[in-house]
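Colleague: Below: sequence and its predicted model.
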Amino acid sequence: DGGITQSPKYLFRKEGQNVTLSCEQNLNHDAMYWYRQDPGQGLRLIYYSQIVNDFQKGDIAEGYSVSREKKESFPLTVTSAQKNPTAFYLCASSRTGWGYGYTFGSGTRLTVV
Amino acid sequence: AQTVTQSQPEMSVQEAETVTLSCTYDTSENNYYLFWYKQPPSRQMILVIRQEAYKQQNATENRFSVNFQKAAKSFSLKISDSQRGDTAMYFCAFMIPFGNEKLTFGTGTRLTIIP
């Protein structure tokens, strides 16, 4: 079955560490997105990519980095520069061109310890 | 920049009743798409319904329907015959096609169906 897989489901980070969240899709979608979800704030866009080897900053990109070396994969690194990384992170993918909705992964809960 | 506003942080309704969730948006674009997503306690985001702005007919999906008022920039979701499985966060979202196709989300409405 086609879908989008995020791992791990839960992740704990120590102060000063970088961590990488995985996102893989087998839907043959061109576009992929990373969102952060905090209580009362909805979903905010971190980074997005519409084609391999190209990506763009979203609304809250500071302290995060991404890569898009393969169509199927769009990993997100939360760097030590992100001062408040505790949140729920959602990855999504979509076809492009006609306002298709996104398919979301099941999310990663990141906690700073 | 586009904005999406959901003015009802929480709502509750008795099972089998009808409930309407409100959403307004702001844009100067004429061609766009609107969505309602459901996020149950599992936190999996599920697409409920999609509306194309150039279509005047309101979208429906089984018990879910929308009231799309383009001039008023309003996009409400009606859930008929509500069921316990409808308990979730509901997010309204907006997209302009043929560009970066970013989804802009509202802050959500937490809906509780009371048995």
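Modeller: Nice, thanks for sending it over.

Colleague: burial of B:C23, as a residue count?
Modeller: B:C23 is flanked by 27 other residues according to other CB atoms under 10 Å in any protein chain shown. For every residue, glycine as well, the C-beta is placed using N, CA and C.

Colleague: List the contacts of the residue of chain B found nearest chain A.
Modeller: Chain B approaches chain A most closely through B:Y33 (3.4 Å), counting by CB to the nearest CB. By CB atoms under 8 Å, 6 or more residues apart in numbering or on different chains, the residues touching B:Y33 are A:99, B:50-53, B:94-97.

Colleague: switch the cut-off to 7 Å
Modeller: A:99, B:50-53, B:95, B:97 (CB atoms under 7 Å, 6 or more residues apart in numbering or on different chains).

Colleague: show me the contacts for A:R109.
Modeller: Contact analysis of A:R109 by CB under 7 Å, 6+ apart lists A:9-10, A:88.

Colleague: Any idea how many residues pack against A:Q50?
Modeller: 18.

Colleague: Can you tell me how far the closest residue in space to it that isn't next to it in sequence is from B:A88?
Modeller: Nearest in space to A:Q50, with sequence neighbours left out and distances taken as CB to CB, 6 or more residues apart in numbering or on different chains, is A:A31 at 4.7 Å. Computed as CB to CB, to the nearest Å, the A:A31 to B:A88 distance reads 25 Å.

Colleague: out of those two, which sits in the more crowded spot?
Modeller: Between A:A31 and B:A88, counted using other CB under 10 Å, the more crowded position is B:A88 (23 against 20).

Colleague: Three-state assignment for B:G85, please.
Modeller: Per DSSP: H, G, I helix; E, B strand; the rest coil, the local secondary structure of B:G85 is helix.

Colleague: One more: A:Y89?
Modeller: strand.

Colleague: Quick check: pLDDT value at it.
Modeller: Looking at A:Y89, its pLDDT stands at 98.

Colleague: any idea how far it is from A:D54?
Modeller: Distance from A:Y89 to A:D54, by CB to CB: 21 Å.

Colleague: ok, these two, which is more surrounded?
Modeller: Set A:Y89 next to A:D54 and count neighbours by other CB under 10 Å: A:Y89 wins out with 23 against 9.

Colleague: Kindly report the residues of chain B close to chain A.
Modeller: B:33, B:35, B:43-45, B:47, B:50, B:52, B:91, B:95, B:97-98, B:100-103, B:105-108 (CB under 7 Å from any CB of the partner chain).

Colleague: Which ones among those residues map onto strands?
Modeller: Judged by DSSP state E, the residues of chain B next to chain A include B:33, B:35, B:47, B:50, B:52, B:91, B:95, B:105 as members of strands.

Colleague: Now flag whichever of the residues you listed is closest to A:V19.
Modeller: Checking those against A:V19 with CB to CB, the nearest one is B:F105 at 24.3 Å.

Colleague: Name whatever forms a beta bridge with that closest one.
Modeller: Beta bridges link B:F105 to B:A93 when assigned by DSSP bridges.

Colleague: hang on, it packs against B:V4?
Modeller: Yes: when contacts are counted by CB atoms under 7 Å, B:F105 is listed as touching B:V4 (6.2 Å).
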